[in-house]
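Participant: Take this sequence and fold it.
(2 chains)
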Protein chains: 2
Amino acid sequence: MAEIYITIGRQFGSGGRETGKKVAQALGIPYYDKELLAIAAKESGLSHQFLQDYDEKPTNSFLYSLVMGQNALLGGSQSMTVDQMAVKAQRDAVLSVAEKGSCVIVGRCADYILRDKPGLIRVFISADYENRIQRICHRDGVTEKEAEENMRKMDKARASYYSFHTDRKWNDASNYDLCINSSRKGIDTAVEQILQFIKA
Amino acid sequence: MAEIYITIGRQFGSGGRETGKKVAQALGIPYYDKELLAIAAKESGLSHQFLQDYDEKPTNSFLYSLVMGQNALLGGSQSMTVDQMAVKAQRDAVLSVAEKGSCVIVGRCADYILRDKPGLIRVFISADYENRIQRICHRDGVTEKEAEENMRKMDKARASYYSFHTDRKWNDASNYDLCINSSRKGIDTAVEQILQFIKA
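Facilitator: The predicted structure is shown next:
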């Protein structure tokens, strides 16, 4: 079978991570989410903690990068700022795991980084407000108020990070091959839909 | 079976109309796209031509409506502008066809108008740039340059019309239950995915 690369963009608390894991299990291929940080740390020599601090977050030097016309996802490495080094390390990790073969990658602009791969399937998972709040409370052990605040912050950070590095809009349906609201029919149906789409 | 209402938002030239028709055929339920104009004309007493001129297009009196805090989709009818009359006639037509039972409705903010219906499935169809241009050229008998211009104009008009009347973003994945890029696996796969989603 030809290699496939399933990238999963996701709203915070939408179940994107669980969906990705189940798709990877069903296909018997590796799954990368936070795991990419360890690979990026190992391959770049940067610390895991450092990479985690910059993981999918927009930073102050975005403005500097804009002025300088630099985009770390495009691979240049002259006079990089620290956050560009973090972004480049993650990008290199995405390319490195894709080099090994088929996989599922959650977030980290992987859909953009792997945009020239013929076997790319770009998925986006959303969910209804109430479901997301409940998932975040249950998963992270926070109050509803905290969940709401975290959800707002994380979505904003992901959207900024994505649009800055890709020049595309994070939640724009036309950037993806398949977008599924996981609230409507549940995670297992979302997984089934993705598998059907791949097989088609 | 409980009633289902499948609404289809679509990029111009994405094959949303064809997808909707095939889903309706497969389920044996009515399909409404331009057909809504005839119903709106009949029920409102406004002319078909008049309704067509305002069909999914933003108009000059949007600013007036903003100032006056009027939203024709919410049903008020005092001192309406002509374009608000057109929007209200279409809204009433959407409610009227939904009243008759399960159906597929393309565009016209039907996902918003029917937002409180339990059987609502909100679909958005996109497609790759090249495929859209080819489809528009073939379907409308225009040059590539004209197709590109029409595509840009129509998407912009639909996005403005939608966001004005719904306070939501037209192409935002999180507004829909299922978004499918029809270029990737073709229209028939999109239809199949929608049918699977409904059955799940």
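Participant: Give the other helices and strands that the longest helix along chain A contacts.
Facilitator: In chain A, with assignment by DSSP state H, the single longest helix is helix A:144-166. When contacts are defined as 3 or more CB pairs under 8 Å, 6 or more residues apart in numbering or on different chains; DSSP states H and E, helix A:144-166 packs onto helix A:61-68, helix A:110-113, helix A:129-140. C-beta coordinates here come from the backbone N, C-alpha and C atoms, glycine included.
Participant: Which residues of chain A lie near chain B?
Facilitator: Residues of chain A lying near chain B by CB under 8 Å from any CB of the partner chain: A:11, A:121, A:124, A:126, A:171-174, A:176-181, A:184-186, A:189, A:192-193, A:196-197, A:200.
Participant: which among these end up buried?
Facilitator: Buried subset of these (neighbour count, 16 or more other CB atoms under 10 Å in any protein chain shown): A:11, A:121, A:124, A:126, A:171-174, A:176-181, A:184-185, A:189, A:192-193, A:196-197.
Participant: Keep only those of those that are in helices.
Facilitator: Reading helices off those with DSSP H, I get A:184, A:185, A:189, A:192, A:193, A:196, A:197.
Participant: Stretch A:34-49: which residues count as buried?
Facilitator: Those would be A:36, A:37, A:39, A:40, A:41, A:44, A:46, for stretch A:34-49 by 16+ other CB under 10 Å.
Participant: and those as a markdown table, adding pLDDT and secondary structure?
Facilitator: As requested, the buried residues of stretch A:34-49 are exported to a markdown table (pLDDT from 0 to 100; DSSP: H, G, I helix; E, B strand; the rest coil):
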| residue | pLDDT | secondary structure |
| --- | --- | --- |
| A:36 | 92 | helix |
| A:37 | 91 | helix |
| A:39 | 93 | helix |
| A:40 | 92 | helix |
| A:41 | 90 | helix |
| A:44 | 90 | helix |
| A:46 | 90 | coil |
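Participant: Go through those and name the one nearest chain B.
Facilitator: Distance to chain B across those (CB to the nearest CB) is lowest for residue A:36, with 22.8 Å.
Participant: Isn't residue A:119 up against residue A:29?
Facilitator: No. Contact between residue A:119 and residue A:29 fails when scored by CB atoms under 8 Å: they sit 11.2 Å apart.
Participant: Mutual contacts of the two, please.
Facilitator: Common contacts of residue A:119 and residue A:29, defined by CB atoms under 8 Å, 6 or more residues apart in numbering or on different chains, comprise A:4, A:102.
Participant: hmm, which helix or strand of chain A has the shakiest average pLDDT?
Facilitator: The helix or strand of chain A with the poorest confidence is helix A:61-68; it has a mean of 54 (mean pLDDT, DSSP states H and E).
Participant: Could you point out the helix or strand that follows it?
Facilitator: Heading C-terminal from helix A:61-68, the first helix or strand you meet, by DSSP states H and E, is helix A:82-100.
Participant: That next one packs against which elements?
Facilitator: Helices and strands touching helix A:82-100, by 3+ CB pairs under 8 Å, 6+ apart, are helix A:35-44, helix A:48-53, helix A:61-68, strand A:103-106, helix A:110-113.
Participant: Any idea which of these gets closest to residue A:153?
Facilitator: Among those, the nearest to residue A:153 by CB to CB is helix A:48-53 (14.8 Å).
Participant: what is the rounded mean pLDDT of that closest one?
Facilitator: Across helix A:48-53, pLDDT averages out at 88.
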